[in-house]
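Student: What shape does this take:
(2 chains)
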Amino acid sequence: MSQTDLEIVVDDPTAPEDDSRSVVSSGAIEIVVCLLLLALAVTLGYDNWRTGASWDATGPEPGYFPFYLSVILGGGSLYGLVVALIAHRKASETFVTRAQARRVMAVFVPTLLFCAVTQFLGLYVASFLLIAGFMRLVGKIALWKSLLTAFLFTAIMFVTFDIAFDVIMPKGPLEAAFGH
Amino acid sequence: MEALGLLLHGFAVLLTWKTLVLMMVGLVLGIFVGVLPGLGGPNGVAILLPLTFTMDPTSAIVMLSCIYWGALFGGAITSILFNIPGEAWSVATTFDGYPMAQQGRAAEALTAAFTSSFVGSLVAVLLITFLAPMISSFALRFGPPEFFAVYLLTFCSFVGLGREAKHKTVISMALGLLLAGIGMDTVSGNLRMTFGSSELLRGINFLVAVIGLFGISEILLTMEERLALRGHAASISLRVVLGVWKDLPKYWVTLLRSSFIGCWLGITPGGAIAASFMGYNLAKRFAKEPESFGKGRIEGVFAPETAAHASGTSALLPMLALGIPGSGTAAILLGGLMVWGLNPGPLLFVEHKDFVWGLIASMYLGNIVGLVLVLTTVPIFASILRVPFAAVAPMIVVSCAIGAYAIQNAMFDIWLMLGFGIVGYVFKKIGIPLAPFTLALVLGNRAEDAFRLSMIGSGGNLKVFWSNGLVGSITTLAIVLLFWPVIDGVLARVRSPHPHGVKPTM
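Tutor: Now for the predicted structure:
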């Protein structure tokens, strides 16, 4: 027998509003991406040409294969740029709305800080801070639940990776104080 | 018959308590990964790869492939109960799966999905068992030109047969191939594209890129959306399971057709997404009452799930036999093989028989155990979705960072992962496909080596790629596939000429 009552309901109180204004269009982002890729193709192409992109007595030089790939990347980006510029004149789709951008930043900024903190305090302390902080500040979850979840998750990761599987993670002063 | 003997040997390798426990752990983690929003098969496997670094290759690949099977099974749970496809290939499952759940037939739909997943995988594994050894022994005759031609065929078929704008696929692939070349040149020892950075000397590890591209970007994309859920909770009883299984022979044509489509699109790089939609569309087209599709018809669940799983599994065939992955996840598994010092390709069947046949045996056993596991634990896994995303998201970020760091013990890789996360987010939103990028990043060095060796051997003459019937046919096929959209357009015009020069009105 199947029990199919509507049972699982999860609300999202911080969901982005449907009528939020557009920050930037997809067309504009496509143009920027194509320009960046074109610049990358030129930079890498120049480096490979400098390394050697022709033939010598032993065969193709080290830059030969990647040089022509740079040319293909440059060509593709240039074509994409033209297509995006032509399409941009028409109405373009929204890349991200203001409300969506706010939520993306709510994940991205803590992730960026987590990477920076990992360098100084080690991965486990940074993980604890990220999980507890994110749950409390972004998810509005009770402080004790946030702290407990962060502690348990970090402890499980430590036991699994550092102790059970010998995969050593970056440590900071706290782990050093405990002899790790 | 030799394959059967070797397969039995594979089971003997596999049937140890340690491997069986790892298989269970892999399956549970995989279903978890499949159910959780913001995670999926490729990033699940990539993130959990470091767990296997200290294991022997057979145990490691068994665990990783079981994470893969588990993720494939788990995707159907959210599609049917919540109308949320966990993976793109589960989209077609929602068409009839969710209406079935709304009609109070959730358990029936889930049983149909899991069973058809099993059937699709089984057909693909049978194909791997009998075809992979033959292909690999044939591929032993390959030299560098033949290998480069096969790589070219893979790249060209992505461009020619892909659904995305062609220039975007070309950009994605060229970028992947270029980034694969960063670091020390394997032939000359020269440094390339490092710009004096000591961190770039190691090159860009594709697993780090994959974790960022799939894991971090998926978190950013998921966060963008409304994360409210409203769905069914279902448990599956033995009576429902037996009822669905009893009716299974009635749908043998659908199952067989979808398996065939799936295997075909898995071996060629068509992918599970195309397979699931094609399976669904053909089931609808050949049905007596096509209008009943989309309203809760069980064939609408059987067809896409069988095709997607046959495709996902058969993508491992070219990886094992030729060293060319047929999907993003197969590419990550291939990266795993390289981490353990194994060289995927035809020699694997000769030099590491225990490993290869242990893996193939684990595909059979993993699918049987996975089927039993999902049928009995659906309520537990469905309730995972009650966990707020605000708790899940930072845990996934931490897991991604652990995965990225553990590969080379480099802090720089965590930053690189974040960079690739942004790239993945932007690329996904503007329609630049990530699968060709991943594939190019994995195969880049091998393709370049094969190209250079071919050119050295021929004194720089490109005719080497047409020097014999085999390499000539593969290269020609590659070029045909590259220009397939143009050729297809011309053929369509020839087939349907407009009489009296009048174009039909739309």
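
Student: Please count neighbours and contacts with C-alpha atoms only from this point.
Tutor: Fine.

Student: what about the strands in chain A?
Tutor: Assigned by DSSP state E, the strands in chain A fall at A:6-10, A:22-25, A:55-56, A:59-60, A:94-97.

Student: Residue 18 - how many residues pack around it?
Tutor: As the question left the chain open, I've gone with chain A. 10 (other Cα atoms under 10 Å in any protein chain shown).

Student: not quite, I wanted chain B
Tutor: Neighbours of B:Lys18 (other Cα under 10 Å): 10.

Student: Show the low-confidence segments of chain B, by residue range.
Tutor: Applying pLDDT under 70 to chain B picks out residues B:1, B:37-40, B:86-87, B:226-234, B:269-270, B:497-506.

Student: If I average pLDDT within each of the strands of chain A, which one is lowest?
Tutor: Ranked by mean pLDDT, these bottom out at strand A:6-10, with a mean of 64.

Student: one step back: could you dump the strands of chain A into CSV with mean neighbour count and distance to chain B added?
Tutor: CSV is the format used below for the strands of chain A (neighbours: other Cα atoms under 10 Å in any protein chain shown; distance: least, Cα to the nearest Cα, whole Å):
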stretch, mean neighbour count, distance to chain B
strand A:6-10, 15, 5
strand A:22-25, 15, 10
strand A:55-56, 12, 8
strand A:59-60, 19, 5
strand A:94-97, 18, 7
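
Student: can you put the ones you listed in TSV and add distance to B:Phe260?
Tutor: Shown next, in TSV, are those (distance: least, Cα to Cα, whole Å):
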stretch	distance to B:Phe260
strand A:6-10	37
strand A:22-25	42
strand A:55-56	46
strand A:59-60	43
strand A:94-97	38
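
Student: Nearest to A:Gly133, out of those?
Tutor: Closest to A:Gly133 of those is strand A:6-10 (Cα to Cα; 21.2 Å).

Student: Show residues contacting stretch A:23-30.
Tutor: Here stretch A:23-30 makes contact (Cα atoms under 8 Å, 6 or more residues apart in numbering or on different chains) with A:80-81, A:84-85, A:87-88, A:92-98, A:101, B:429-430.

Student: and if we set it to 6 Å?
Tutor: Applying Cα atoms under 6 Å, 6 or more residues apart in numbering or on different chains, the contact partners of stretch A:23-30 are A:88, A:92-98.

Student: so how far is that stretch off the chain centroid?
Tutor: Remark: stretch A:23-30 is offset 19 Å from the chain centroid, using Cα atoms, centre = their mean, to the nearest Å.

Student: C-alpha coordinates for that stretch, CSV please?
Tutor: Coordinates of each C-alpha in stretch A:23-30 appear next as CSV, following Å, rounded to 0.1, in the frame of the first residue of the first chain:
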residue,chain,number,x,y,z
VAL,A,23,20.4,43.7,-12.5
VAL,A,24,22.0,42.8,-15.8
SER,A,25,20.8,41.0,-19.0
SER,A,26,22.2,37.7,-20.3
GLY,A,27,23.2,39.5,-23.5
ALA,A,28,25.5,41.9,-21.6
ILE,A,29,27.1,39.1,-19.7
GLU,A,30,27.7,37.1,-22.9
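
Student: Distance of the spatially most central residue of chain A relative to B:Phe412?
Tutor: Nearest residue to the geometric centre of chain A (Cα atoms, centre = their mean): A:Phe108, 7.4 Å. Remark: distance between A:Phe108 and B:Phe412 (Cα to Cα, to the nearest Å) = 18 Å.

Student: what's the answer for B:Ala393, then?
Tutor: B:Ala393 is 22 Å from B:Phe412, where distance means Cα to Cα.

Student: Which one's more surrounded, those two?
Tutor: Between B:Ala393 and B:Phe412, B:Ala393 has the larger neighbour count (other Cα under 10 Å), namely 25 against 15.

Student: roughly how far apart are that one and B:Val35?
Tutor: Taken as Cα to Cα, the span from B:Ala393 to B:Val35 is 14 Å.

Student: which residues touch A:Ala150?
Tutor: Counting by Cα under 6 Å, 6+ apart, A:Ala150 has contacts A:128, A:131-132.

Student: at 8 Å instead, please
Tutor: Going by Cα under 8 Å, 6+ apart, A:Ala150 touches A:127-129, A:131-132.

Student: Just the buried residues out of those, in PyMOL syntax.
Tutor: Applying 16 or more other Cα atoms under 10 Å in any protein chain shown to those, the buried members can be selected in PyMOL as follows:
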select buried, chain A and resi 127+128+129+131+132
